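Peer 1: Okay, sequence plus prediction incoming.
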Amino acid sequence: MNPNRILKEYFGYESFRKGQYELIEAIVRGQDVLGIMPTSGGKSLCYQIPALLMEGVTLVISPLISLMKDQVDALRESGISATYLNSTLTVQEQRTRLEEIRNGEYKLVYIAPERLNTVDFLNIVTDISIPFVAIDESHCISQWGHDFRPSYKEIPRFIRRLNQRPLLGAFTATATEEIITDIKEILKLDRPLEIITGFDRPNLYFGVEKGIDKKKYLLNYLKNHSDQSGIIYCATRKEVESLAKELRDKGFSVSMYHGGMGNEERKESQDAFLYDQSLIMIATNAFGMGIDKSNVRFVIHFNMPKNIEAYYQEAGRAGRDGENSECILLFSPQDVVKQKYLIEITDMQQEREQMVYKNLQTLVDYCHTHDCLRKRLLEYFGENTDWEQCGKCSNCLDHREKKNITLEAKKILSCVYRMKESFGVTMVANVLNGSKNKKVLELGFQNLSTYGIMDDYTTKDIQQIILFLVAEGYLAMTEGKYPVVKLTPQSVAVLKGKEEIFKREDINEIENQTERAVHETLLKDLKALRMKIALEKHVPPYVIFPDTTLKEMAMYLPESKEELLRIKGIGEVKAETYGDVFLNMIIGYKNRNNIESVLKPKEEFQGKSKGSDKTKTHLVTYELHRQGLSIEKMAEERGCTETTILSHLEKCFGEGLEVDLNEMIDPAMERQILEAIDKVGGQYLKPIKEELPEEISYFDIRKVLLKKSIHSAS
């Protein structure tokens, strides 16, 4: 009997998948093998078929109790004699199966690594022929692997105790070059045939969602996929139980699984999911290895896992049948804190701990990059691609407007340099934001020229930009529990003005713009119109207008070019080029639905945008100043605070515009402020506040110093 006939007769397939035949042929002719194949790539056939072609018993070492039973059941259904030995069996069942193995009743025996060197099993294996040992999930043998299991270290000792060394086959779905080297060296594979069929799963969509309300997102997602089966991974048992209860209360069909549940309870929950009695499984990482449920249409990570290997393996449980499926990671900074806590409470050697922190940072970078997510994943596993975009991940499909953040990047890079590259993300962000944090002041960072130069951003926003710069290689993070931000060679090009940096608009900015009701039917029509124009011009749709612009059109329903110009993302040229056709569609929609104008007031349109849009906002304020309005009047006109108006004027001065504040400042107050400044002998605003009378505000100080700066510059 040959491999092709066995494939058809026992397993019902007409042809082998990539790499299967080569591995099977090598084993049959007497060669060790190493097979790296993606989840659902058909690894099991690579050792099951050789077992039927060899005399004696093939051992399959696996850490996956659930997989053992599933595969043994499937083999028996196909007419192949197989059994398993693991902790789920009673003592009597163990004895019975050991005797049956001695009597040659099985072609394949699945066994947990913990049982290899037990006295009873060793007494049996010395009396039988074992031509081949397959090590499944072989990455578990490497301490550098995400799922290192000390019990796998028992395998080499077991092999040495056999009467004759069998052929060895190592199989796994996820392994870096470092781990592959470990597998070969620890198992002492003899000139193995190495087959790496690739890590790509083309049917899977990969997505990262940041800056969102996770529960709100999840509920909407589940409502839109109510007939599909999926897994939701959480970091802790507590979160599993809390989320499971919440979803059940809302009527969703949910099972849950974590290590704190009893064996029987876990089995019932797992079976309910496997047999589609419940569509959704909410679980910790204790669930999933070896679960061969083919119709999982989505895997959502409610919390970020510990590294890319863990993520890719868990996400890979979606779409095992080859159908399109989705893998979505919901990221929040708190997830990083949780993972670091889990690392801290785990007893491990310092060298491994350093590696674990490094791997965690690699996944954080993945969450913040604008590169193709699929490309990032494949490159991590050493697989190079000849394309830049896969067209099937959230980054490749993200048409949000890109902002030029070169100025912000320069400020951040300069601050890192002035802080001597010795502090973490939070401290750098605090300094840039002008925080009065006790440690910031104790270290004297308020005296740095970069202190407070990004006070128009929140600390959280600055942190997000820093993490983006790390992900894109403009900054680096040291390894360890308390990573430090460092400059990289790429930093120099930015600081010297030789390279610009662009970052997609943050989700929360878009959400802030969509607080009003969007006319969804109109939005759909506007997108169709945009697509028609884009196809005619052979450009991506977002080049015409980004989604955010279309959403504002569908919210505020402008009727004239003047009103259209008040929509974010529309300048004079685009208003002239596309204005008529889009306005006609909007007006027609309003007439058909008898909708009155809902255009928002002018001051709402000014918003709190950043970057280049902010410059326009500052210039509007400056124009009001030129008209002779007081700060109070300008604030009233713009619908913002007086401090914001002053900030706008400061920015105008930074652009080289002349601002005369003579009429804005009380001379007596100015004198008091200047005397206090002279007294403390410094030019920084915040430290001198305690030197001034209570009736003088920080706002007053800024006005005086702004006036002084402008006059001295002129």
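Peer 2: Perfect, I can see it now.
Peer 1: can we go C-alpha only for contacts and neighbour counts from here?
Peer 2: OK.
Peer 1: wait, is A235 part of a strand?
Peer 2: No - read with DSSP: H, G, I helix; E, B strand; the rest coil, A235 is coil and lies in no strand.
Peer 1: burial count for it?
Peer 2: 20 (other C-alpha atoms under 10 Å).
Peer 1: how much space is there between K403 and K460?
Peer 2: Per C-alpha to C-alpha, to the nearest Å, K403 is found 18 Å from K460.
Peer 1: ugh, wrong one, I meant F11
Peer 2: 55 Å.
Peer 1: Could you pull out the buried residues of the helix or strand where Y366 lies?
Peer 2: Assigning secondary structure by DSSP states H and E places Y366 in helix 350-368. By neighbour count on 16 or more other C-alpha atoms under 10 Å, the buried set for helix 350-368 is 353, 355-368.
Peer 1: Tell me how far L432 lies from F445.
Peer 2: 10 Å.
Peer 1: E421 too?
Peer 2: Taken as C-alpha to C-alpha, the span from E421 to F445 is 13 Å.
Peer 1: again with V494
Peer 2: Relative to F445, and taking C-alpha to C-alpha, V494 is found at 23 Å.
Peer 1: Same drill for the two, tell me which one is more crowded.
Peer 2: F445 (24 against 18).
Peer 1: give me the number of residues near E177?
Peer 2: 11.
Peer 1: Return the residues in contact with it.
Peer 2: 381-382 (C-alpha atoms under 8 Å, 6 or more residues apart in numbering).
Peer 1: do you know how far S394 is from L329?
Peer 2: The value you get for S394 to L329, if C-alpha to C-alpha is used, is 10 Å.
Peer 1: who's more crowded, those two?
Peer 2: More neighbours surround L329 than the other of S394 and L329, with 22 against 19 (other C-alpha under 10 Å).
Peer 1: Which helix or which strand is home to that one?
Peer 2: With DSSP H and E as the criterion, L329 is inside strand 325-331.
Peer 1: Measure how that strand sits relative to helix 350-368, angle-wise.
Peer 2: Taking axes from the mean of the first three to the mean of the last three C-alpha atoms, to 10 degrees, one finds strand 325-331 and helix 350-368 inclined to each other by 110 degrees.
Peer 1: neighbouring strands for strand 325-331, and are they parallel or not?
Peer 2: strand 204-210 (parallel), strand 296-301 (parallel) (DSSP bridges).
Peer 1: what about the first one, average pLDDT?
Peer 2: Averaged across strand 204-210, the pLDDT comes to 92.
Peer 1: Repeat that for the shortest one.
Peer 2: Averaging pLDDT along strand 296-301 yields 95.
Peer 1: what does that strand rub up against?
Peer 2: 228-234, 314-315, 317-320, 323-330.
Peer 1: got the contact list for the helix or strand following that strand?
Peer 2: Where DSSP H and E defines the elements, the next helix or strand beyond strand 296-301 is helix 308-315. Helix 308-315 is contacted by residues 39, 145-147, 173-175, 285, 288-289, 299-300, 305, 327, 359-360, 362-363, 377 when judged by C-alpha under 8 Å, 6+ apart.
Peer 1: Are any of those buried, and if so which?
Peer 2: Buried, going by 16+ other C-alpha under 10 Å: 39, 145-146, 173-175, 285, 288-289, 299-300, 305, 327, 359-360, 362-363, 377, out of the contacts of helix 308-315.
Peer 1: you'd agree G169 is up against G30?
Peer 2: No - in this structure G169 lies outside contact range of G30 using C-alpha atoms under 8 Å: 10.8 Å.
Peer 1: So these two - more neighbours on which side?
Peer 2: Counted by other C-alpha under 10 Å, G169 and G30 do not tie: G169 has more neighbours, with 26 against 13.
Peer 1: Please, which helix or strand holds that one?
Peer 2: strand 167-172.
Peer 1: Please enumerate residues in contact with that strand?
Peer 2: So strand 167-172 is contacted by 27, 30-38, 43, 47, 131-139, 183, 189 (C-alpha under 8 Å, 6+ apart).
Peer 1: Heading C-terminal from it, find the next helix or strand.
Peer 2: helix 177-187.
Peer 1: could you give me the average pLDDT of that next one?
Peer 2: Mean predicted confidence for helix 177-187 is 91.
Peer 1: Next secondary structure after it?
Peer 2: Heading C-terminal from helix 177-187, the first helix or strand you meet, by DSSP H and E, is strand 193-196.
Peer 1: So what are the sheet partners of that next one and their directions?
Peer 2: strand 33-36 (parallel).
Peer 1: Check the strands paired with strand 325-331 for me and report the most buried one.
Peer 2: Among those, the stretch with the highest mean neighbour count (mean count of other C-alpha atoms under 10 Å) is strand 296-301, at a mean of 24.
Peer 1: report the angle between the axes of it and helix 308-315?
Peer 2: Using the same axes, to 10 degrees: strand 296-301 against helix 308-315 is 150 degrees.
Peer 1: CA atoms of strand 296-301 as PDB?
Peer 2: What follows is strand 296-301, C-alpha atoms only, in PDB (Å, rounded to 0.1, in the frame of the first residue of the first chain):
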ATOM      1  CA  VAL A 296     -14.800  29.000  14.000                       C
ATOM      2  CA  ARG A 297     -15.600  32.200  12.000                       C
ATOM      3  CA  PHE A 298     -13.900  34.700  14.400                       C
ATOM      4  CA  VAL A 299     -11.400  34.800  17.200                       C
ATOM      5  CA  ILE A 300     -11.400  38.000  19.200                       C
ATOM      6  CA  HIS A 301      -8.700  38.800  21.800                       C
END
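Peer 1: Look up the pLDDT of K689 for me, please.
Peer 2: K689 is given a pLDDT of 54.
Peer 1: cool, N103 as well?
Peer 2: pLDDT, N103: 92.
Peer 1: same thing with Q446?
Peer 2: Reading off the confidence values, Q446 has pLDDT 93.
Peer 1: That one and G434 touch, don't they?
Peer 2: Yes - counting by C-alpha under 8 Å, Q446 touches G434, with 7.3 Å between them.
Peer 1: so where's the stretch 451-600 of the chain shaky on pLDDT?
Peer 2: 505-517, 539-543, 569, 597-600 (pLDDT under 70).
Peer 1: what ranges do the strands span in it?
Peer 2: Taking DSSP state E, counting those that start in this stretch to define them, one finds strands in the stretch 451-600 of the chain at 475-477, 485-487, 502-504.
Peer 1: just checking, what packs against the first one?
Peer 2: In terms of contacts (3 or more C-alpha pairs under 8 Å, 6 or more residues apart in numbering; DSSP states H and E), strand 475-477 is packed against helix 459-471, strand 485-487.
Peer 1: can you rerun that using 7 Å?
Peer 2: strand 485-487 (3 or more C-alpha pairs under 7 Å, 6 or more residues apart in numbering; DSSP states H and E).
Peer 1: Roughly how far does T346 sit from K481?
Peer 2: 13 Å.
Peer 1: circling back: now do the shared contacts for S394 and L329.
Peer 2: 207-208 (C-alpha atoms under 7 Å, 6 or more residues apart in numbering).
Peer 1: is it true that K293 touches L274?
Peer 2: Yes - counting by C-alpha atoms under 7 Å, K293 touches L274, with 6.1 Å between them.
Peer 1: what is the rounded mean pLDDT of the helix or strand where K267 lies?
Peer 2: Using DSSP H and E, K267 falls within helix 263-274. Average pLDDT, helix 263-274: 87.
Peer 1: re the thing from before, pipe the strands of the stretch 451-600 of the chain into CSV and attach distance to I6 per row.
Peer 2: Below are these laid out as CSV (distance: least, C-alpha to C-alpha, whole Å):
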stretch, distance to I6
strand 475-477, 52
strand 485-487, 57
strand 502-504, 53
